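Visitor: everything below, folded, please.
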Amino acid sequence: MMQAPIILLKEGTDTSQGKPQIISNVNACEAVVDAVRSTLGPRGMDKLIVDGHGKTTISNDGATIMKLLDVVHPAARTLVDVSLSQDAEVGDGTTSVVLIAGEILKNCKPFVEDNVHSQIIIRGLRKAAVLALQKIKEISVHVKKEDPVEQRQLLIKCAATSLSSKLIARQKDFFSTMVVDAVSLLDDMLPLNMIGVKKVHGGSLEESRLVAGVAFKKTFSYAGFEMQPKKYQNPKIALLNIELELKAERDNAEIRIDNVEEYQNVVDAEWGILYDKLDKIVQSGAKVVLSKLPIGDVATQYFADRDVFCAGRVAEEDLRRTMKACGGSIQTSVNNLTDDDLGRCENFEEQQIGGERYNIFTGCPQAKTCTLILRGGAEQFIEETERSLHDAIMIVRRTIKNDAVVAGGGAIEMELSKYLRDYSRTVAGKEQLIIAAVAKSLEVIPRQLCDNAGFDSTNVLNRLRQIHGQGKIWFGVDITQEDIADNFEACVWEPAVVKSNAITGAIEAATLILSVDETIRNPKSSSNGPPGALPGRGMKPRRDV
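Guide: Residues are numbered from 1 along each chain as shown. This next block holds a predicted model:
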């Protein structure tokens, strides 16, 4: 008697397992890698991505592209996540981490096809990761923090290396100095939200500027605003969350009055409340009044008559940065407005920048903050500049906290590749092949740098292998001369933490994908209502005419 088949999963559930599943996942990851492969390095190409709403983004930042690709394959999503985690943790190396992970999977695919168990491959990959991280720690160069001039030069070189592969590579000297100055203005915790970025269309990139304080766009203003002074020395600043205008009566409000005097009393009371608030603000000694809520035309004129500057509808983020920079606190009432509640700065000025007017506070005593005002032509270009500067700022922050640097341009990858290849020959068993595969995978970075620049990658890599075999550890690809060069001497420097993170992330992603041997995809529930509901229940009967 035949045994009835056991039905475990819902009808329509898609299951695939075993060796074909692992190979299918690896192939999906290779397809994702091909999408960002050509963006690596100073000669990398940009991608133009149009989302579902028709918004276009031009970028060569690996994390931005991966985020916008909207990958649906569950295994390939791992590469997107590892790229985003690299961006959040270090800020740079987002394309490198995807390339290394994809290349490791590609070189491990033959072992899977030859029935080597995934756990043996994973053990070999983890061992290779530990060895690579130890080698980076061993050969990285530490810069003395005691010498501020030397440390500043190091930071500028690291920022310039990060910017050399971006759209603004030609202005990298200008922007790398600006980024280092911006980070230097922060306190010891280096909070990222204390660097504001404002974008002003028009002008050239070199017209971008760094404000050592807070700057934000002039808010909507009423008549009387032009009569207010636009420049103050050592003003007191009132930060409010109060509406300073006459409120319109509610549509359904009802007041019953007997005579005109009572109506006049109601109107006078409303005006009296407003004037009382304004008088208390002026009495406090504040010369600059900022409010998150609107400041009406009456209040604007009142302040103008008393030489006080006001701005309503200030964005909460700008108000908080002003509070952190200038001191004081955001008030929800003007009663008991004391001197301690007011902020202070050395200079306040409203300036014209391009087609916009900006309120600029400098010489802020309390917190250390700054604002980058970016100029440029097209909107996409300014947005890509902002993304590029974010990467450079993250790199400078990381370098201040971890002062170890290595040479970029494929130099560190070639040295790690040589070290792992030499080490693999001392290991018996299948691990030897796995570690050698990781060594080969690391060569993808210099090879792709050559391919993207149009060089003969085979020739360059052979020469790099030869010179690293002679013990010259910092030789990498020289993009400008189509040759190889000592990239440490050429000041192509990267924080060691970028490479450590990239290798750790890539190997973690590869082990995760190789350890999955079955995918179970549940069928989509039908859109006709909850399962088990009778058809037509809850709907009006249809009447055919």
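Visitor: low-scoring stretches of the stretch 251-400 of the chain, by residue?
Guide: For the stretch 251-400 of the chain, the stretches with pLDDT under 70 are 251-253, 366-367.
Visitor: what's the first-to-last distance across stretch 277-291?
Guide: 13 Å (C-alpha to C-alpha, to the nearest Å).
Visitor: go through stretch 20-37 and flag the buried ones.
Guide: For stretch 20-37, burial by neighbour count (16 or more other C-beta atoms under 10 Å) applies to 21, 22, 25, 26, 28, 29, 30, 32, 33, 35, 36, 37. (Glycine included, C-beta is placed from N, CA and C.)
Visitor: same deal with stretch 121-128?
Guide: 121, 122, 124, 125, 127, 128.
Visitor: now stretch 307-316, how far from the chain's geometric center?
Guide: Chain-centre distance of stretch 307-316: 30 Å, with C-alpha atoms, centre = their mean, to the nearest Å.
Visitor: report pLDDT for the closest residue to residue 402 other than its chain neighbours.
Guide: Leaving aside its sequence neighbours, residue 402 sits nearest to residue 497 (C-beta to C-beta, 6 or more residues apart in numbering; 4.7 Å). Predicted confidence (pLDDT) for residue 497: 91.
Visitor: neighbours of residue 497, how many?
Guide: 22 (other C-beta atoms under 10 Å).
Visitor: got it, and residue 270?
Guide: 13.
Visitor: that one touches residue 246, doesn't it?
Guide: Yes: assessed by C-beta atoms under 8 Å, residue 270 is found in contact with residue 246 at 6.2 Å.
Visitor: follow-up on the earlier one: and the buried residues of stretch 121-128, which of them are in helices?
Guide: 121, 122, 124, 125, 127, 128 (DSSP state H).
Visitor: so the residue nearest to residue 402 sits right up against residue 404, yeah?
Guide: Yes: between residue 497 and residue 404 there is a contact under C-beta under 8 Å: 7.4 Å.
Visitor: which helix or strand contains the residue nearest to the spatial centre of the chain?
Guide: Most central in the chain under C-alpha atoms, centre = their mean is residue 390, positioned 5.8 Å from the mean C-alpha point. Of the helices and strands defined by DSSP states H and E, residue 390 is found in helix 379-401.
Visitor: next structured bit after that helix?
Guide: Following helix 379-401 in sequence, per DSSP H and E, is strand 404-407.
Visitor: quick one: mean pLDDT for that following strand?
Guide: 89.
Visitor: can you name every helix or strand that the helix or strand immediately after it in the chain contacts?
Guide: Downstream of strand 404-407, the first helix or strand assigned by DSSP H and E is helix 411-424. Helix 411-424 is packed against helix 118-139, helix 431-442, helix 444-453, helix 457-469, strand 475-478, helix 496-514, with contacts defined by 3 or more C-beta pairs under 8 Å, 6 or more residues apart in numbering; DSSP states H and E.
Visitor: quick one, helix 411-424 and helix 496-514 angle?
Guide: 60 degrees (axes from the mean of the first three to the mean of the last three C-alpha atoms, to 10 degrees).
Visitor: can you give me the buried ones in helix 411-424?
Guide: Residues 411-421, 423-424 are the ones in helix 411-424 that count as buried (16+ other C-beta under 10 Å).
Visitor: what residues sit buried inside stretch 474-491?
Guide: Applying 16+ other C-beta under 10 Å to stretch 474-491 flags 474, 475, 476, 477, 478, 479, 484, 485, 486, 487, 488, 490 as buried.
Visitor: who's in contact with that stretch?
Guide: 41-43, 141, 157, 160-161, 407-412, 414-415, 446, 449-450, 453, 455, 460, 463-464, 467-468, 472, 492 (C-beta atoms under 8 Å, 6 or more residues apart in numbering).
Visitor: for the nearest residue to residue 81 once chain neighbours are set aside, what are its contacts?
Guide: In this structure, residue 81 finds its nearest non-sequential neighbour in residue 509, 7.8 Å apart by C-beta to C-beta, 6+ apart. Applying C-beta under 8 Å, 6+ apart to residue 509 gives the contacts 78, 79, 81, 82, 97, 101.
Visitor: does residue 201 sit in a helix, a strand or a coil?
Guide: strand (DSSP: H, G, I helix; E, B strand; the rest coil).
Visitor: all helices for the stretch 101-250 of the chain, in order.
Guide: 118-139, 148-163, 172-184 (DSSP state H, counting those that start in this stretch).
Visitor: which of the contacts of residue 509 has the most neighbours?
Guide: Neighbour-wise, the contacts of residue 509 (other C-beta under 10 Å) top out at residue 79, 32 neighbours.
Visitor: what's that residue sitting at in phi/psi?
Guide: Phi and psi for residue 79, reported as degrees, to the nearest 10, are phi -70, psi -40.
Visitor: read off the pLDDT value for it.
Guide: Residue-level pLDDT assigned to residue 79 equals 91.
Visitor: contacting residues for it?
Guide: Contacts of residue 79 (C-beta under 8 Å, 6+ apart): 29, 32, 33, 66, 71, 98, 101, 102, 509.
Visitor: turn those residues into a markdown table, including pLDDT and distance to residue 173.
Guide: Putting these into a markdown table (pLDDT from 0 to 100; distance: C-beta to C-beta, whole Å) gives the following:
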| residue | pLDDT | distance to residue 173 |
| --- | --- | --- |
| 29 | 91 | 37 |
| 32 | 90 | 34 |
| 33 | 92 | 32 |
| 66 | 88 | 29 |
| 71 | 85 | 36 |
| 98 | 94 | 29 |
| 101 | 95 | 33 |
| 102 | 94 | 33 |
| 509 | 93 | 35 |
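Visitor: with the residues you listed in mind, which one is nearest to residue 211?
Guide: Closest to residue 211 out of the contacts of residue 79 is residue 66 (32.7 Å), distances taken as C-beta to C-beta.
Visitor: now do that closest one against residue 83, distance only.
Guide: 4 Å (C-beta to C-beta, to the nearest Å).
Visitor: ok, residue 468 next?
Guide: 28 Å.
Visitor: could you dump stretch 452-472 to CSV, C-alpha only?
Guide: Below are the C-alpha coordinates for stretch 452-472, written out as CSV (Å, rounded to 0.1, in the frame of the first residue of the first chain):
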residue,chain,number,x,y,z
ASN,A,452,37.9,51.7,-15.9
ALA,A,453,40.9,53.8,-17.0
GLY,A,454,41.3,51.9,-20.2
PHE,A,455,44.7,50.3,-19.3
ASP,A,456,45.9,46.8,-20.0
SER,A,457,45.0,45.3,-16.7
THR,A,458,46.9,42.0,-17.3
ASN,A,459,50.2,43.8,-17.9
VAL,A,460,49.8,46.2,-14.9
LEU,A,461,48.8,43.3,-12.5
ASN,A,462,51.8,41.2,-13.6
ARG,A,463,54.2,44.1,-12.9
LEU,A,464,52.5,44.7,-9.5
ARG,A,465,52.8,41.1,-8.5
GLN,A,466,56.5,41.2,-9.5
ILE,A,467,57.3,44.4,-7.5
HIS,A,468,55.3,43.3,-4.4
GLY,A,469,57.3,40.0,-4.6
GLN,A,470,60.4,42.2,-4.2
GLY,A,471,59.0,43.6,-0.9
LYS,A,472,57.8,47.0,-2.1
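Visitor: neighbouring contacts of that stretch?
Guide: Contacts of stretch 452-472 (C-beta under 8 Å, 6+ apart): 38, 40-45, 410, 414-415, 418, 443, 446-448, 450-451, 475-477, 479, 482-484, 486.
Visitor: 6 Å instead?
Guide: 38, 40-41, 43-44, 414-415, 418, 447, 450-451, 475, 479, 482, 484 (C-beta atoms under 6 Å, 6 or more residues apart in numbering).
Visitor: tell me which of those residues is nearest to residue 296?
Guide: Among those, and counting by C-beta to C-beta, the member closest to residue 296 is residue 44, at 52.4 Å.
Visitor: could you confirm the closest one falls within a strand?
Guide: No: counting by three-state DSSP, one finds residue 44 to be coil, located in no strand.
Visitor: I figured residue 369 hits residue 326, correct?
Guide: No: the pair residue 369 / residue 326 is not scored as a contact, 9.4 Å apart, by C-beta atoms under 6 Å.
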